[in-house]
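> pasted the sequence and its predicted model underneath.
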Amino acid sequence: MTSAPLPSPDGNKREKGLWIYAAAKKVAFFLVARGLWEAVRLLWRRIREGTPWDDIL
């Protein structure tokens, strides 16, 4: 008869670390998405204002 493997003593630490990692990924994704949104918004505003392409790029 085989017994189930014993739980690791740092199981709670691992779960906590994975939760923090998942939260950090969500925050990083939000910051990148926000930065891209701001870049597109700024580009669109400059195009609407008629800024020459040489000044935009």
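Looks like it arrived, so ask away. As the structure is a computational prediction, the values presented were derived from the model and not from experiment.

> now the helix or strand of the chain with the lowest mean pLDDT: buried residues?
Lowest mean confidence among the helices and strands of the chain (mean pLDDT, DSSP states H and E): helix 53-56, at a mean of 78. The neighbour-count check on helix 53-56 (16 or more other Cβ atoms under 10 Å) flags nothing as buried. The way it works is simple: take the backbone N, C-alpha and C, and place the C-beta from them, glycine included.

> also stretch 36-56?
Going through stretch 36-56 with 16+ other Cβ under 10 Å, nothing comes out buried.

> dump it to CSV, keeping only the CA atoms.
What follows is stretch 36-56 as a C-alpha-only set of coordinates in CSV (Å, rounded to 0.1, in the frame of the first residue of the first chain):
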residue,chain,number,x,y,z
LEU,A,36,-0.1,52.1,-25.2
TRP,A,37,-3.5,53.8,-24.9
GLU,A,38,-1.8,57.1,-23.9
ALA,A,39,0.6,56.9,-26.8
VAL,A,40,-2.2,56.2,-29.3
ARG,A,41,-4.2,59.1,-27.8
LEU,A,42,-1.3,61.5,-28.1
LEU,A,43,-0.6,60.4,-31.7
TRP,A,44,-4.2,60.8,-32.7
ARG,A,45,-4.4,64.3,-31.1
ARG,A,46,-1.2,65.4,-32.9
ILE,A,47,-2.6,64.1,-36.2
ARG,A,48,-5.9,66.0,-35.7
GLU,A,49,-4.0,69.2,-34.9
GLY,A,50,-2.1,68.9,-38.1
THR,A,51,1.4,68.5,-36.7
PRO,A,52,3.8,67.6,-39.5
TRP,A,53,5.0,63.9,-39.6
ASP,A,54,8.6,65.0,-39.1
ASP,A,55,7.7,66.5,-35.8
ILE,A,56,5.6,63.5,-34.7
